[in-house]
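In: below is the structure, and that's it, no one-letter string:
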């Protein structure tokens, strides 16, 4: 890549420092690492001033609320006409014509009034009974909503259903769920089983009389009221039509004024009774058409993608909407929506209602069509989020599905940063999330031993692994915020639990029949640990200290690296955790002092048998090794004892490895100590490879090769140095001058290239005074003065955490430049 940058203008060069930020990554396609700062990019698409147009929210439940409104219109119209007829009969007919009425009219009116009175009374309570009948969601059989509202074509089958015991069928969540979502078949079968007995009655199962209990339970009473209403309305139509057709109201005497208006009054009454009954039957017919023929409830349930168990939720929602339209304004039901309905049920004291609410919210939160609107409504309701967090602590096996649904909803909520902050701010939230991780160590051991870890199983059918995975997923999303990472570290007992989950033995990592859910659990725990260990600031420093102090952390990761050759992703995550931990000096010593870690890392880094498509694991291992030898004398000496100098030198020739190999060699030479001269002297055979790369390569590879040269060349003997300069001296000096001239400002991609170049210039002038004249003739002094004016804190650090510099160089850039300029001023 050609760095042909123009010189800064005089105005720009006064009191200003420019950073070179290139659009492409460093040479060879290497992505930013801990050795260079990582800046956030601005998304021009989202930063546009144009308003964001949100897609319209799909709400299948609108069909139900509209249906409830239309039914309410018919019902209230029928009730109004019925009330008018009742008043007319009692005030006008029975009050004014009671004595003069024909015998048949008197009994017809009396029967109609009794029938209508009974029907109106039963109608006012039928909805309540039907509502009560939907409370038990664990007992859904043939006597369900459709039978309650069946048409005349199904009368025989309905009566059979009325006189035989209720069949119990299982309902539940979705029948198929992938392992990555964390729900196994055993768990779902357990959720679908009948609930155990509770300390309170279930409304739909209350026996109203001590005898014939099966007949006088609330759900059967609701059916009885339904059929009574149909019978009474039919009787009312028949009786009214008979009288309106025959009109045998008796003859009124001319001189008897009391009987003059009797016929008209009776016609009005029978007309009102007929109209009221016909409207009621029309309402029932419309109801039957929508429910039984068009299958409105099933259609809405399908659109909502609730599955088999969702029909119960749909019925309950419809009953509530219809109740509001009947008991209040006909428009009250239109204000209902499924999400708000579910949130209200979630706060109920009834386990069945809680389960309905949890199921609805979970289905909507995990459905791409409804999740945005659902999560937004939940996210602005702090009480609902607190309720969901509270449910994480429920350990009753009968409440397992509610607990898992709450956990899954929270896992979707924390995908948004604002929601993450709100949830993490709830008192006890992280402790509740920690309760999802079913792993602990007993406290009964002696003070000089650690008790074995064990999986907490509250019930033999309890899906502990499912909760482990969802708990780790929530923590993973929360850990994206560094402030929350600090809270996770401060939560008592949470870090040891996370670390216990990364334990994976040889059988799990290599055996082909290993349980996928266990591998997923190890992966998620490693992801959480990686995010915690890479946290910046004082919180990150404390977290790395605490993680490395747990005695199992490094040994568990070592096992993953050792046996995880078939689990490349786990190996990479483990290596990245070690890389982040190595930021702290104490952690570096612990990693280096743990037997086999360095050997396993080198085994991965130098393993030519790893396929090219898995080469990124070798790159990650190289970065970890480069970090471990950074300013760690003990680790450098342990590596030198492995006798890998020749293989490291050869790695400089491998395109995939040469960047990290150069870093390792530089740090070995810089931090091993003077007493390791003999072992380090063998590295000078890499000089030709390094020099060739400096002359031909650019960007990151050129930077690390110059850095390696400035340290390795110090171990050259005078003869070796003389021989090298005879071949490369003038060209190398000119190349270093061009590099300083090219990078007139610090570069984010190669933050240390100017520092390394000046270090190499200093060594060359100290090694051979003739090089001073070479650099003077090139104008190096002027170039160094230009560099002095553009130095930045970017060049003062070895590694970075985001945009924060870590591990400061012992010598500042100003000190290096002054040293170089003093050498240039010496008399030759």
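Out: Happy to help now that I have it. Here the structure is a predicted model, which is why all the values come from computation and not from measurement. Numbering: from 1, shown residues only.

In: hey, let's count contacts and neighbours off CA atoms from now on
Out: OK.

In: can you find the helix or strand in the protein with the smallest mean pLDDT?
Out: Ranking every helix and strand in the chain by mean pLDDT, DSSP states H and E puts helix 145-148 at the bottom, with a mean of 34.

In: isn't residue 337 right next to residue 61, touching?
Out: Yes: using CA atoms under 8 Å, residue 337 is in contact with residue 61, at 6.7 Å.

In: between these two, tell me which one has more neighbours.
Out: residue 61 (22 against 17; other CA atoms under 10 Å).

In: thinking that one is in contact with residue 340, fair?
Out: No: the pair residue 61 and residue 340 fails to qualify as a contact (CA under 8 Å) at a distance of 11.7 Å.

In: joint contacts of these two?
Out: Both residue 61 and residue 340 lack any common contacting residue under the criterion CA atoms under 8 Å, 6 or more residues apart in numbering.

In: residues contacting the nearest residue to residue 344 once chain neighbours are set aside?
Out: Leaving aside its sequence neighbours, residue 344 sits nearest to residue 357 (CA to CA, 6 or more residues apart in numbering; 7.5 Å). By CA under 8 Å, 6+ apart, residue 357 lies in contact with 341-346.

In: can you lay out the residues you listed as a markdown table showing distance to residue 305, secondary structure and pLDDT?
Out: Shown next, in a markdown table, are the contacts of residue 357 (distance: CA to CA, whole Å; DSSP: H, G, I helix; E, B strand; the rest coil; pLDDT from 0 to 100):
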| residue | distance to residue 305 | secondary structure | pLDDT |
| --- | --- | --- | --- |
| 341 | 17 | helix | 93 |
| 342 | 15 | helix | 93 |
| 343 | 18 | helix | 94 |
| 344 | 21 | helix | 93 |
| 345 | 19 | helix | 92 |
| 346 | 20 | helix | 92 |
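
In: buried members of those into PyMOL, please.
Out: Buried subset of the contacts of residue 357, written as a PyMOL selection, criterion 16 or more other CA atoms under 10 Å:
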select buried, resi 341+342+343+345+346
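
In: doesn't residue 799 fall inside a strand?
Out: Yes: assessed with DSSP: H, G, I helix; E, B strand; the rest coil, residue 799 lies in a strand.

In: quick check, pLDDT for the nearest residue to it once chain neighbours are set aside.
Out: Spatial nearest neighbour of residue 799, excluding adjacent residues (CA to CA, 6+ apart): residue 35 at 4.4 Å. pLDDT recorded at residue 35 is 80.

In: helix/strand/coil for residue 35?
Out: Relying on three-state DSSP, one would call residue 35 coil.

In: point me to the helix or strand that includes residue 235.
Out: Assigned by DSSP states H and E, residue 235 belongs to helix 218-246.

In: the very next helix or strand once past that helix: which residues count as buried?
Out: Counting by DSSP H and E, the element after helix 218-246 in chain order, helix or strand, is helix 262-288. By 16+ other CA under 10 Å, the buried positions in helix 262-288 come out as 262-263, 265-267, 269-284, 286-288.

In: what's the answer for stretch 563-578, then?
Out: 563-565, 568, 570-578.

In: what of stretch 770-789?
Out: So, applying 16+ other CA under 10 Å, buried residues of stretch 770-789: 771-775, 780-781, 784, 786-789.
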